[in-house]
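Participant: show me the folded form of this:
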Amino acid sequence: MELSRQIAQMDAEELRDLASVLITQLAERDSAHATILAERESAHATILSKRDAELKTKQLKIDQLTHEMAILKRWRFDRRSEQLDVVQRSLLDESIEADLEAIGFEVEVLRDKPATPKDKPRRVALPASLPRREIAHEPDNTACSCGCGMERIGEDVSERLDYTPGVFEVERHVRGKWVCRRCERLLQEPMPAHIIDKGIPTAGLLAHILIAKYLDHLPLYRQEEIFGRAGLPISRSTQAQWVGVVGVQVQPLVDTMRAEMLTCPVLHADETPVPMLKPGLRRTHRAYLWSYSTSEYDDRQIVVYNFAEGRHGDHARAFLGEWSGKLVCDDYSGYKALFKQGVIEAGCLAHARRKLHDLYANHRSEIAEEGLRYFAALYEIEREAREQKLNAEDRRQLRAQRSKPIAEALRQWLTRQRGQVPDGSATAKAIDYSLGRWAALTRFIEDGDLPADNNHIENRIRPVALGRSNWMFAGSLRAGQRAAAIMSLIQTAKLNGHDPYHYLKDVLERLPTQPASRIDELLPHRWHSDAT
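Facilitator: Reported below is the predicted structural model:
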């Protein structure tokens, strides 16, 4: 009413001014409202665009995995696999079963909705003859919020199969059901998370299978026979499915370990051939297992394997990425491109010595025998430094005082001998190896952080070479990559003085509930367990 009286008392000019102000305010409000709507629509469009891009990426990955799965299924059931002998077919079947399960697990993770349940045969009950160990899961507090005490009305029991060498045992997880009669509230402890959800194997059984396969080099068909002697033959296809899922689950842990390793200033690198089976062919393809590790002088002892279909230097560049430090390696040409991109080459004194040692061992060469004395003197100094546990600066000073004069005398001796032997001879080739890489071979003398040779990584890759006679070949690229990931964890655990079985068992128990922000706590060089 007051506003109406004020308007009624205004003259024409004042009314025009008031109308102008109101029109301006309305225009400003409409403009602000339009801006807000535009911003909301833009933000919504951005969200939708981002979501569409994520969905397309996921769908593309699902399509790729589905295609790969179709190929594996065709290989699995194609009669061409009969061209392989019995052992080869068995190993191929193991790899394909593991690959199929790993791909299926990845597809389920990528889908927004749970995948359609598989038509799997009904699980056979675990034999009643096996010993049982009961694990109770009861609520800490059975008092209802209404004030009444809850009654136990039943329980749910699930069984998981555990294994210690030679003995099976069944874990009976008993989850009591508690109910409040007044408000009909039901209380039950949830089932603890497991690395294979709703599966029967415990972390201990899975760790045993992985250690036997990737450390003791026992194929799954042999483990099936061993389990049979213990009272329960677990089929190789079932074991392969477990291995496939675990391989996917531990990959983030290996990726984290690789990322930390690439922060170190000094790395070792080496590679070894591994035959990889090409299903449908009568031969295997030569693939390579590349190994990378920190230096023996580094506080963080890490080794990471990378399986690739070839030995081309692109594989090393892809693995190391933007890393630029000092790389200890042999004279393989695949590393040369890295040195053009800022990586500093450090040679392997053991490789140079080995050239002369082969001459002496095969031909009793007097020249080789004399040259070996120089190398022996250099290694004696390294042995003393290792025994005294010198730090980097003390090692550098020791090498400058004692190793440098010996190295210079060796270079002069090699130069003199090279002028006295014919080109193309075995002796000339042995001498040329050292003289052609002299700067890289002697770089350790001026740098206390560098080791004298590449033996540290060669010792890490030797177990793989020893196991080739047992597991023969990788069944597929995916199987080789899975083996590389699991062996990275096992060998790094050994390198840090852990029992690989206890480490892997503990990690598989903790991994399902470990926050991503604290996954580094499970890395072998940081791992601590109350059980060890």
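
Participant: quick one: low-confidence ranges for the stretch 51-200 of the chain?
Facilitator: Counting by pLDDT under 70, the ranges of the stretch 51-200 of the chain that qualify are 63-65, 67-103, 105-106, 109-110, 112-124.

Participant: ok, and the closest non-adjacent residue to residue 434?
Facilitator: residue 352 (4.5 Å; CB to CB, 6 or more residues apart in numbering). Every residue, glycine included, has its C-beta placed from N, CA and C.

Participant: any idea of the pLDDT on that neighbour?
Facilitator: Looking at residue 352, its pLDDT reads 92.

Participant: ok, it - how many residues close by?
Facilitator: Neighbourhood size, residue 352 [other CB atoms under 10 Å]: 26.

Participant: let's have the chain start at 46 instead
Facilitator: Taking 46 as the first residue, the last one we looked at is residue 397.

Participant: for it, phi and psi?
Facilitator: The phi/psi pair for residue 397 (degrees, to the nearest 10) reads phi -60, psi -40.

Participant: test my guess that it contacts residue 478.
Facilitator: Yes - taking contacts as CB atoms under 8 Å, residue 397 lies within contact range of residue 478: 6.0 Å.

Participant: gap between the residue nearest to residue 479 and residue 534?
Facilitator: 33 Å (CB to CB, to the nearest Å).

Participant: try residue 410
Facilitator: 44 Å.

Participant: give me the more crowded residue out of those two.
Facilitator: Neighbour count, other CB under 10 Å: between residue 410 and residue 534, residue 534 has more, with 26 against 19.

Participant: any idea which element the more buried one lies in?
Facilitator: In the assignment (DSSP states H and E), residue 534 maps to helix 522-540.

Participant: tell me the helices and strands packed up against the helix or strand hosting residue 85.
Facilitator: Here residue 85, judged by DSSP H and E, is contained in helix 57-122. Under the contact definition 3 or more CB pairs under 8 Å, 6 or more residues apart in numbering; DSSP states H and E, helix 57-122 sits against helix 131-155.

Participant: what's the next helix or strand after the helix it packs on packed up against?
Facilitator: Once helix 131-155 ends, the next helix or strand along the chain (criterion: DSSP H and E) is strand 177-182. If contacts are counted by 3+ CB pairs under 8 Å, 6+ apart, strand 177-182 sits against strand 212-224.

Participant: if we look at stretch 555-570, which residues are touching it?
Facilitator: For stretch 555-570, contacts defined as CB atoms under 8 Å, 6 or more residues apart in numbering pick out 238-240, 242, 294-295, 297-298, 301-302, 305, 345-347, 534, 537-538, 540-541, 543, 548, 552, 571-572.

Participant: pLDDT on that stretch, on average?
Facilitator: Here the average pLDDT along stretch 555-570 is 92.

Participant: list the buried ones in it?
Facilitator: Under the neighbour-count criterion of 16 or more other CB atoms under 10 Å, stretch 555-570 has 555-556, 559, 564-565, 567-570 buried.

Participant: ditto for stretch 494-507
Facilitator: 494-506.

Participant: likewise stretch 468-487?
Facilitator: So stretch 468-487, judged by 16+ other CB under 10 Å, has buried residues 472, 475-476, 478-479, 482-483, 485-487.

Participant: which one is the residue most central in space within the chain nearest to, not counting chain neighbours?
Facilitator: For the chain, the residue nearest the mean C-alpha position is residue 299 (2.6 Å; CA atoms, centre = their mean). Take residue 299 and drop its neighbours on the chain: the residue closest to it by CB to CB, 6+ apart is residue 530, 4.5 Å away.

Participant: residue 176 touches residue 209, doesn't it?
Facilitator: No - counting by CB under 8 Å, residue 176 sits too far from residue 209 to count as a contact (11.0 Å).

Participant: so between these two, which is more surrounded?
Facilitator: Taking neighbours as other CB under 10 Å, residue 176 and residue 209 compare with residue 209 leading, 12 against 9.
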